[in-house]
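**Student:** Structure, please.
(chains A, B and C)
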Amino acid sequence: MELKIYEEKKGIIVSGLNDFEPRHIFECGQCFRWDREEDGSYTGVAHSRVLNVKKEGDIVIFNNTSRSDFEGIWMDYFDIGRDYSAIKEKLRKLDEHLERSVEFGYGIRLLKQDVWETTVSFIISANNAIPKIKKTIDTLSYLANEEIIEYGGRKFYAFPSPETIHMFHEKCVDNCKAGYRAQYIKDSCSMIINRDVDLERLAEFGSHECRKELMRLPGVGPKVADCIMLFALQKFDAFPVDVWVKRVISSLYNQEDMSLNKMREFALGRFGDLAGFAQQYLFYYARENGVGRK
DNA sequence: ATCCAGGGCGGGT
DNA sequence: ACCCGCCCTGGA
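**Tutor:** As a prediction, the model looks like this:
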């Protein structure tokens, strides 16, 4: 089906957009700045813009944007050019768990998010629960006060740059309830500003080098590095093992008494260059259905 | 009040 | 290479 874009007064309408379900995209654990509205749509901030996304039947309504922003920014962000039907077809043939997971989260897409925002967000995510992570990121953005965007009578705040966070760290980082992760954020910030790690160049690295480089940042271990690779750098052979994925691997795939790294290697061997996509479908299915929970 | 969930770090072996 | 105790916050 061909992609068609229709311009409206305050947004655009897109038809022919397959494998796109806002609920699946925004609730599968990859992002923290999108919130569900009463009408089932989602509103979020990215690239200093506020967008509202709503699915109605076979069409998707993108509110508060233009054709040029959609084509220049959001197509990329929502990974519109990728054929998810083909990916899902390959995955569902692998085993029954993926078949069920792909069926359940059929509208998942991997967002291509800003690498700095993703890095800070997943440093905050370590040993932390999703509602709290969201609150901390919102508070950090609000306190940094870098850029305010109005939408629907509400104020939204762009995610602050390394320079802004560094300059106002006492105000924003120390007061956003990040706990012991606050120091990791401040130290990572300094490393980025000093060009000790160049986030913008990481996408050019091979996966192994990219992972090693990310893990030089304080607060970035194996799992957080894999999240940054998968959710910002399009390294689709990354396979983040969090508690839910651990439950999937041990209970569904019967690989118990295995270290987290062994589980990751097991998944890479089994799912290959589609491991990252597999992780998202399995994670979403496991968390929504409480797979393997005690 | 006490317990628990959630990954990285640093110090062991 | 693996293991363990600790780190902070909010909700049960």
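
**Student:** Which single residue in chain A comes nearest to DNA strand B?
**Tutor:** residue A:221 (2.6 Å; CB to the nearest atom of the strand). For glycine as for every other residue, the C-beta is placed from the backbone atoms N, C-alpha and C.

**Student:** is it true that that residue touches residue A:215?
**Tutor:** Yes. Taking contacts as CB atoms under 8 Å, residue A:221 lies within contact range of residue A:215: 6.6 Å.

**Student:** elements contacting the helix or strand containing residue A:192?
**Tutor:** Per DSSP states H and E: residue A:192 is located in helix A:181-193. Judged by 3 or more CB pairs under 8 Å, 6 or more residues apart in numbering; DSSP states H and E, helix A:181-193 is in contact with helix A:115-125, helix A:162-167.

**Student:** okay, now the residue of chain A closest to DNA strand B: neighbour count?
**Tutor:** 14 (other CB atoms under 10 Å).

**Student:** who's in contact with it?
**Tutor:** By CB atoms under 8 Å, 6 or more residues apart in numbering, the contact set of residue A:221 is A:126, A:215.

**Student:** Phi and psi next, for it.
**Tutor:** Here is the backbone geometry of residue A:221 (degrees, to the nearest 10): phi -100, psi -160.

**Student:** pLDDT at the nearest residue to residue A:289 once chain neighbours are set aside, what is it?
**Tutor:** Closest residue in space to residue A:289, ignoring its immediate chain neighbours: residue A:104 at 7.7 Å, by CB to CB, 6 or more residues apart in numbering. pLDDT for residue A:104: 97.

**Student:** Over to residue A:104: give its phi and psi.
**Tutor:** With angles defined as degrees, to the nearest 10, residue A:104 sits at phi -70, psi -50.

**Student:** now it: how far from residue A:111?
**Tutor:** According to CB to CB, to the nearest Å, residue A:104 stands 19 Å off from residue A:111.

**Student:** now residue A:9
**Tutor:** If you go by CB to CB, the gap between residue A:9 and residue A:111 works out to 27 Å.

**Student:** hang on, isn't residue A:99 packed against residue A:88?
**Tutor:** No. Under the criterion of CB under 8 Å, residue A:99 makes no contact with residue A:88, lying 9.6 Å away.

**Student:** of those two, who's got more company?
**Tutor:** Neighbours per residue (other CB under 10 Å) separate residue A:99 from residue A:88, with residue A:88 holding more: 22 against 15.

**Student:** Identify the residue spatially nearest to that one, adjacent ones excluded.
**Tutor:** residue A:102 (4.8 Å).

**Student:** and the helix or strand hosting the one you found, what does it pack onto?
**Tutor:** Assessed by DSSP H and E, residue A:102 sits inside helix A:96-104. If contacts are counted by 3+ CB pairs under 8 Å, 6+ apart, helix A:96-104 sits against helix A:84-94, helix A:275-289.

**Student:** So what touches the longest one?
**Tutor:** Surrounding helix A:275-289, the residues in contact under the criterion CB under 8 Å, 6+ apart are A:24, A:27-30, A:87, A:91, A:94, A:97-98, A:100-102, A:104-105, A:108, A:110, A:229-230, A:235-240, A:242, A:244-245, A:247-248, A:267-268, A:271, A:291-292.

**Student:** Give the buried residues for it.
**Tutor:** By 16 or more other CB atoms under 10 Å, the buried positions in helix A:275-289 come out as A:275-287.

**Student:** What of the first one?
**Tutor:** Within helix A:84-94, the residues that qualify as buried by neighbour count (16+ other CB under 10 Å) are A:84, A:87-88, A:90-92.

**Student:** Now do the same contact list for the residue nearest to residue A:289.
**Tutor:** Neighbour list for residue A:104: A:281, A:284-285, A:288-289 [criterion: CB under 8 Å, 6+ apart].

**Student:** ok, so of those residues, who is nearest DNA strand C?
**Tutor:** For the contacts of residue A:104, the nearest to DNA strand C is residue A:288 (17.7 Å; CB to the nearest atom of the strand).

**Student:** Just say helix, strand or coil for the residue of chain A found nearest DNA strand C.
**Tutor:** Nearest to DNA strand C, among the residues of chain A, is residue A:179, at 2.7 Å (CB to the nearest atom of the strand). Of the three states, residue A:179 takes coil under DSSP: H, G, I helix; E, B strand; the rest coil.

**Student:** any idea how far residue A:103 is from it?
**Tutor:** From residue A:179 to residue A:103 the distance is 38 Å (CB to CB).
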